[in-house]
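J.: What follows is a predicted structure for the sequence shown.
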Amino acid sequence: TKSIEHLLMLLILDIEGIKKYNIEDFNYYKKKIKKKDISFWGERFEIFVYSKLISKLYTTFKNIRRGVMGKEADFIVDFDGYNISLETTSLIYNENSSKSNPISKLKSKISEKECKCYCSLNCCLIVDITNLSFYRKIYDNYSVSIFQLFETFESKFGAILLHESFHLSGENALTFYSQVYDWVNPNVDGKLKDFLSQLLGQREFLDGKKIYLKTI
């Protein structure tokens, strides 16, 4: 219950951050998350990424806007006068499907996104895999680890970030964390590589009792 309450509080804070930056985008997301025929958690992840990008404004880059739907990636960032594209998506595991290999679901989603017109070496695909991580703890069903997957991985995108969110249980409270696994194309656009280096900075992979929500 505390985990859910915390996530709802974070959603409110993210929405408020967008409202301060761009009222039109605030109204857009407010309408989207109220609809019944959309993927709520996919929209939630896009809002999360947008809010995090806004928090980096004027330190890592100068400007950000939502991309033109169907023609551009979700976000276009002005990095040193050069446009960087960022596309977001979220994977939800189907409990009724075979539980043997969710890695194939991830590969299928990446292949689907590679068919879009914005897929290029200056575009980064960001995939939320939190729901897959939830089921991984139950079924131990990854055919390979993320690190093993990336060792021989190929893609038309300049970079791919796999993102997961979780709570760590401490002595007195739950603490919310996000963790990113990154794959960078050997032929990545130089500006995108520099952008990601500044955006991600130094990272560590956390150990401990990770608590994932089924529908984050």
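T.: It's in.
J.: rest of the way, CA atoms for contacts and neighbours
T.: OK.
J.: helices and strands around the longest helix anywhere in the chain, which ones?
T.: Ranked by residue count under DSSP state H, the longest helix found in the chain is helix 2-21. Of the remaining helices and strands, those touching helix 2-21 by 3 or more Cα pairs under 8 Å, 6 or more residues apart in numbering; DSSP states H and E are helix 23-32, helix 40-55.
J.: which regions of the protein lie under the pLDDT threshold?
T.: For the chain, the stretches with pLDDT under 70 are 1-3, 37-38, 94-100, 134-141, 143, 167, 169-174, 202-216.
J.: all strands of it, in order?
T.: Read by DSSP state E, the chain holds these strands, from start to end of the chain: 63-66, 75-79, 82-90, 123-128, 159-169, 174-184, 210-211.
J.: If we ignore the residues flanking it in sequence, what's nearest residue 66?
T.: residue 75 (4.6 Å; Cα to Cα, 6 or more residues apart in numbering).
J.: Just give me the neighbour total for residue 181.
T.: Other residues lying near residue 181 total 16 when counted by other Cα atoms under 10 Å.
J.: same question, residue 79
T.: Other residues within reach of residue 79 by the criterion other Cα under 10 Å amount to 17.
J.: any idea how far it lies from residue 192?
T.: Counting by Cα to Cα, to the nearest Å, the gap from residue 79 to residue 192 is 9 Å.
J.: Could you do residue 114 as well?
T.: Between residue 114 and residue 192 the distance is 17 Å, computed by Cα to Cα.
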